[in-house]
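**Student:** here is my input; please provide its structure:
(chains A and B)
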There are 2 protein chains.
Amino acid sequence: MAKKDDSGEGFVTEITPRSQDFSRWYTDVVRRAELADYSPVKGCMVIRPYGYAAWELIQQGLDRRIKATGHVNAYFPLLIPQSLLVKEAEHVEGFAPQVAWVTRGGTEELEEPLAIRPTSEAIIGTMYARWVQSWRDLPILINQWANIVRWEKVTRLFLRTTEFLWQEGHTAHETEEEAERETLTILDLYKEFCETELAMPVVAGRKSDAEKFAGAARTYSIEALMGDGRALQAGTSHNLGQNFAKAFNIQFQARDKTLQYIWGTSWGITTRLIGGVIMTHGDESGLIFPPRIAPYQVVIVPIPRGNWQETVLPRAQAIKTDLAAHGIRVMLDDRDVYSPGWKFSEWELRGVPLRLEIGPKDIEKAQVMLVRRDTREKLATPLEGLAARVAQVLTEIQQTLFDRALKFRDEHTTRTDSWDEFKAIMEGRPGFVIAPWCGTSACEAEIKAETQATTRNVPLDSPQATGSCVKCGKPATTLVYFAKAY
Amino acid sequence: MAKKDDSGEGFVTEITPRSQDFSRWYTDVVRRAELADYSPVKGCMVIRPYGYAAWELIQQGLDRRIKATGHVNAYFPLLIPQSLLVKEAEHVEGFAPQVAWVTRGGTEELEEPLAIRPTSEAIIGTMYARWVQSWRDLPILINQWANIVRWEKVTRLFLRTTEFLWQEGHTAHETEEEAERETLTILDLYKEFCETELAMPVVAGRKSDAEKFAGAARTYSIEALMGDGRALQAGTSHNLGQNFAKAFNIQFQARDKTLQYIWGTSWGITTRLIGGVIMTHGDESGLIFPPRIAPYQVVIVPIPRGNWQETVLPRAQAIKTDLAAHGIRVMLDDRDVYSPGWKFSEWELRGVPLRLEIGPKDIEKAQVMLVRRDTREKLATPLEGLAARVAQVLTEIQQTLFDRALKFRDEHTTRTDSWDEFKAIMEGRPGFVIAPWCGTSACEAEIKAETQATTRNVPLDSPQATGSCVKCGKPATTLVYFAKAY
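**Tutor:** I've put the predicted structure just below:
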């Protein structure tokens, strides 16, 4: 139908081989698996039900952890008056080029333009200034799930879009130490979340001054390595010091009766994580969802032989009911217009971690065939005790995916103090390079200009460097992770 | 501290008596209980943690029902190009006066202004036109949780704000019958949700032409009666017919190979429901949360006598742990700067349905004192089997609140065919008036001009009228609910 072509983006029928063009493979997988789609607004994406189901599971896993560490959710306005956004000088400088401005409401021109939030420090800081009176009101530990708009020239579904979804925590504390502890607690929470739920190993560390959040005293990040050897910043946690407190006048009466500024933090994780999952685990056949965030953990494909609708189908339905009763997310693909072979590749492309095949012969043997998406291993499995066995295999798949990603990262991480080797790596097979660095922004900028590699972070667990900066040869102050990044 | 006054809205310390000024009582309760606050952006509210916790419980209860009826969640862009918004003529006419327009992105003036969604039919219809090919792709049953912006001159926290949160379902069907069935299924789901979870009785019915959604073929609503005798539209479900299908060219190849337009529905419930809960159940002492959506269902107040921190407090903590283990949302107020009396009225104001007092004498008797928020009844209750008893009392409170609200509604609902009585009711103690009506918009407009009362809906269960229109005396076509409304 001709009308379908007016988007300028045709339907994807085949996916580009991953080994041939990683970037096109990525976009093809996202669209063909119906995770997301382009929209009529440049830069904005539609998160389709299959992709949104994964986001809901990510939200649940993260929200549970955020609440377990004493935080509560709230909701602040989408619109921020220009006069508030400009109060923190570095902050506005960093975000102004990316802000979408509302200048008209209904039929009236606004006297003051309103920014659609590019992040919410300005509006939340304004409210905290009203709410905080005394040290007894502290700490404030609030998180918000919200949409964010940052004007982008280039669209990459999930990875770089004008609108995206995220959570943003904003906390206020009595002391500097407490704020720093909060910042690192959240960084650790993010790391544990990504590694446990997404099977995505990450490096936790501190950002360079050039890479830190506009307005923060210190920014920490977790960084993952994608299948093409590029890094993805997967989450950030900022110690804001008293910068926003001073800009927004967030003061409290301290225990010693003096008037003090609060110490702030903010931290966030976004829908780009879904992109990270795809690029960490996907293969030539498409997507592989880690079981813990897979919308469907198991797909049942009945084999249509003989009078299968009277024999196989009822058994398949009973298995579905049994697995669901054990808390397993399961889909029964009983469509009769598609062949089993078509269904196999369709659900492989969509990344369902475990396929369950059942046909007349299986029923005779009181078994089913389980097929792992990650290893393609086939496991003839007795019907008796099936749910427990399925749960066990799903746990194994989750672990295998993590182990595989960790192995890939280790194989693509090089420690060097040679500038020639550094350049060779960035030109050839990329990955992380751990190198000694002098710590100056000038040197960092030269490295980026010459190789496209940026500092990702200074690892928390082993920051100590000896010797000379990999680039300029002056004494190194730290070790740092470099990579080409998304 | 002087800086606290820059909002123009001081702190609320006392709440206005409900009997004296219902409207001010409402706002005082919302702010004093820290459910929501005004923001620096005119018309936009901040939903504070205590209010947001209630919204999360509302979301959970509604989301579970929406999914159980076969719907899935997705996410569509916040921004809608002007050219899409104007495609459905009635739709744009209805919403244009309320749209906030983005005209600048980063540093560039946009060629085409972008609307912040006032509702998402236009953007979702555009995507459905791309996705739907064949009858096999139908039905599409998608729901979205999102923020909405509609420019408002007047702010009433939760009830009327420029930005609010909601869910919006958008479905596409093969046949008119199926779309109508969906519209009514959702209406019924909304009714059951409000009555079960919010203990808020509602009248389900069909809107008049004047009151229907801009672009709908038919709009249905559920209407609740607030404590001041005004009606609140608590949810709407629209049968869109083929209006949006034709405007957005959403066509499919039918079973008979012809090209057909889909039949659409849309439906939504918003954060205004929280306002409805407050105005349905609140009393002179403040808020009363129905237990099913109460952020805290039980507050434990230890009585500080003797060495209570060694005796009472550990017991209170053990009770908290026990209740929480039984799935009860419980808070232990162990702050030592406040007296028990202060805590009693504080948590009454915040609407916690059940208070649990425990002091040294209670421990001697192996009991606690339960105090119901709704009836103020005191129940000396043995420690043994406490959690089960608490769960039972919470169920009773939920039922009592519903029964009380239903009784209030019945007492404030009058059936009349006398225009004099109609006017007298609307001038005095208001409420619902059920009256025969000729069905014309002209007559409806006259009634509104003269009494401020609007048609709420034509009840689904007993729409048949006999006799003459209450206003114009011409033959009545239906019975209709009238009320002054929020």
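
**Student:** C-alpha from now on. contacts and neighbour counts both.
**Tutor:** Noted.

**Student:** which phi and psi does A:R48 have?
**Tutor:** When read as degrees, to the nearest 10, the backbone of A:R48 gives phi -80, psi 160.

**Student:** right, I mislabeled it, should have said A:I124
**Tutor:** Note on A:I124: its backbone torsions stand at phi -70, psi -40 [degrees, to the nearest 10].

**Student:** contact residues of the stretch 301-450 of chain A facing chain B?
**Tutor:** Residues of the stretch 301-450 of chain A lying close to chain B (C-alpha under 8 Å from any C-alpha of the partner chain): none.

**Student:** do the same with the stretch 51-200 of chain A
**Tutor:** So far as C-alpha under 8 Å from any C-alpha goes, the stretch 51-200 of chain A lies against chain B at A:51-53, A:72-81, A:96-107, A:123, A:126-127, A:129-130, A:133, A:142, A:151, A:163.

**Student:** among these, name the ones in helices.
**Tutor:** Among those, the ones falling in helices (DSSP state H) are A:G51, A:Y52, A:A53, A:I123, A:T126, A:M127, A:A129, A:R130.

**Student:** any chance of those residues in TSV, plus neighbour count, distance to A:R315 and pLDDT?
**Tutor:** Output for those, formatted as TSV (neighbours: other C-alpha atoms under 10 Å in any protein chain shown; distance: C-alpha to C-alpha, whole Å; pLDDT from 0 to 100):
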residue	neighbour count	distance to A:R315	pLDDT
A:G51	24	30	98
A:Y52	23	30	98
A:A53	20	27	98
A:I123	23	56	97
A:T126	21	60	97
A:M127	20	58	98
A:A129	20	62	97
A:R130	19	62	96
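
**Student:** would a markdown table of the residues you listed with distance to B:I434 be doable?
**Tutor:** As requested, these are exported to a markdown table (distance: C-alpha to C-alpha, whole Å):
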| residue | distance to B:I434 |
| --- | --- |
| A:G51 | 47 |
| A:Y52 | 44 |
| A:A53 | 44 |
| A:I123 | 46 |
| A:T126 | 48 |
| A:M127 | 45 |
| A:A129 | 50 |
| A:R130 | 47 |
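
**Student:** on that earlier part again, filter the residues of the stretch 51-200 of chain A next to chain B to the buried ones?
**Tutor:** Among those, those classed as buried by 16 or more other C-alpha atoms under 10 Å in any protein chain shown are A:51-53, A:72-81, A:96, A:98-106, A:123, A:126-127, A:129-130, A:133, A:142, A:151, A:163.

**Student:** domains for chain A, by residue range?
**Tutor:** According to automatic domain parsing, chain A comprises the domains A:12-281, A:296-395, A:413-483.

**Student:** show me the strands in the stretch 251-400 of chain A, by range?
**Tutor:** A:251-253, A:259-261, A:263-270, A:298-302, A:330-332, A:354-358, A:367-372, A:378-382 (DSSP state E, counting those that start in this stretch).

**Student:** okay, these in CSV with mean pLDDT next?
**Tutor:** CSV is the format used below for these (pLDDT from 0 to 100):
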stretch, mean pLDDT
strand A:251-253, 98
strand A:259-261, 98
strand A:263-270, 98
strand A:298-302, 98
strand A:330-332, 98
strand A:354-358, 98
strand A:367-372, 98
strand A:378-382, 98
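
**Student:** okay, those strands in CSV with mean neighbour count and distance to B:E310 next?
**Tutor:** Formatted as CSV, these follow (neighbours: other C-alpha atoms under 10 Å in any protein chain shown; distance: least, C-alpha to C-alpha, whole Å):
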stretch, mean neighbour count, distance to B:E310
strand A:251-253, 23, 31
strand A:259-261, 19, 35
strand A:263-270, 25, 35
strand A:298-302, 25, 52
strand A:330-332, 20, 51
strand A:354-358, 23, 54
strand A:367-372, 21, 56
strand A:378-382, 15, 57
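
**Student:** out of those strands, which is closest to B:L386?
**Tutor:** B:L386 lies closest to strand A:330-332 among the strands of the stretch 251-400 of chain A, at 38.4 Å (C-alpha to C-alpha).
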